[in-house]
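>>> structural data only, the sequence is not supplied:
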Ligand SMILES: *Cc1c(COP(=O)(O)O)cnc(C)c1O
């Protein structure tokens, strides 16, 4: 357990952390402060370097009371000192890369990741003179071999989108720290309930809060949680200078969602296990991946590291032609499950992700790295985000096409 993990239980933390009754009105629910600027009580400077912590609000790109409320809530859930909320999950990933990396630095990035992060790491970072090593992060030995004198950051994602492969966070954190590098982890699939990132040694925990933390499919946002000094650097560089901050309205919506996160994660996990076990019985389904199943290739690591196996399932149905045909049938015939990208919402979502096109656009893997990807995904997978509907209704919906 990280030392900043809230002393209260996760359900109490999710509801109360960051919130306080409004002293002006007595309102029990947190107010929404849609104000871009705040009255100054003194003649302060006009640079981000003049930002003093706990010094009151100045301008919403620097900080806003409603966004601050969400940041405190997420920091409490992650057991970290501080958090920066960003305009999207991608803004959170760019915040990490562009705050802690400069030309001439080296970064180790998971060879499989959210596609936007994969493309940023392959195209944008090298263009700015940052050396990138793409590594299968399920193998700590491969991480050790990739580290160099100028490695400043190791960026992993666990479970990884879209295939559900895991990284042993404690092992990779030790390797990164021995090399003098920071470890960041995209924990979007797991949510803050899925693993104790900070306790396992992760320095920067990032989320697309568009997904589980917001949880209702209505607001886009991101977050990076970590130690106070690291988050202060992120706020100065990525928030104030690059400007990708979260709107107070989104923060308000996302905080309302976050209040029920522990309860929702339990239901996502239970529903996903029920659907995954049913999928394993279907003759047309050739492979089902979920970290809560004994059949997961890293079931031992999942049991050791994960405290909630989450609602994300990947499954195969044979070759790419069979996958495409089934995707078309789903678009036609599913009534409850929406055929759409994104994940972590109360509504179930499914999407077909074919290996070959994804390799061309995003991952560009060859040799053993491609083999490792295909061991999970074959010619393609359906990424199913199990929502909060009754699992038997989801199974009945899937049974129409499977
Ligand atoms: C969706 C997602 C992102 C990007 O988040 P946005 O909010 O869409 O910008 C990053 N990482 C993972 C794992 C995701 O699923």
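Perfect, I can see it now. Here the structure is a predicted model, which means the values were calculated and not measured.
>>> spell out which residues of the chain are next to the ligand.
Listed as neighbours of the ligand in the chain under the rule CB under 6 Å from any ligand atom: 88-90, 114, 116-117, 157, 161, 186, 188-189, 208, 210-211, 220, 222. Where C-beta positions appear, they are placed from N, C-alpha and C, glycine not excepted.
>>> all strands of the stretch 51-200 of the chain, in order?
Using DSSP state E, counting those that start in this stretch, the strands assigned to the stretch 51-200 of the chain run over residues 82-86, 106-110, 131-135, 151-157, 182-186.
>>> tell me the mean pLDDT over the first one?
Okay, so that is strand 82-86. Mean pLDDT, strand 82-86: 98.
>>> please name every helix or strand in contact with that strand.
Applying 3 or more CB pairs under 8 Å, 6 or more residues apart in numbering; DSSP states H and E, one finds that strand 82-86 contacts helix 65-78, helix 89-100, strand 222-226, helix 228-234.
>>> what is the burial count for the residue lying closest to residue 89 once chain neighbours are set aside?
Distances taken as CB to CB, 6 or more residues apart in numbering place residue 208 nearest to residue 89, at 2.5 Å, with adjacent residues excluded. With neighbours defined by other CB atoms under 10 Å, the count for residue 208 comes to 30.
>>> identify the residues contacting residue 208.
Residue 208 makes contact with 88-90, 92, 114, 186, 188, 221-222 under the criterion CB atoms under 8 Å, 6 or more residues apart in numbering.
>>> what's stretch 231-238 in contact with?
For stretch 231-238, the external contacting residues (CB under 8 Å, 6+ apart) are 48-49, 51, 53, 62-63, 80-84, 86, 91, 94-96, 98-100, 224-226, 244.
>>> quick one, phi psi at the residue nearest to residue 89?
Recorded main-chain torsions at residue 208 are phi -80, psi 100, according to degrees, to the nearest 10.
>>> so what's it bridging to?
Here residue 208 shows beta-bridge partners residue 222, assigned using DSSP bridges.
>>> okay, it and residue 271: tell me how far apart.
According to CB to CB, to the nearest Å, residue 208 and residue 271 sit 21 Å apart.
>>> equivalent analysis for residue 147, please.
In terms of CB to CB, residue 147 sits 40 Å off from residue 271.
>>> neighbour count winner among those two?
Between residue 147 and residue 271, counted using other CB under 10 Å, residue 271 has the larger neighbour count: 22 against 19.
>>> what about that one, distance to residue 277?
Applying CB to CB to residue 271 and residue 277 gives a distance of 11 Å.
>>> now swap in residue 172 and tell me
Counting by CB to CB, the gap from residue 172 to residue 277 is 30 Å.
>>> between the two, who's got more neighbours?
Using other CB under 10 Å as the criterion, residue 172 and residue 277 rank with residue 172 on top: 27 against 16.
>>> is it true that that one touches residue 181?
No: between residue 172 and residue 181 there is no contact under CB atoms under 8 Å: 10.2 Å.
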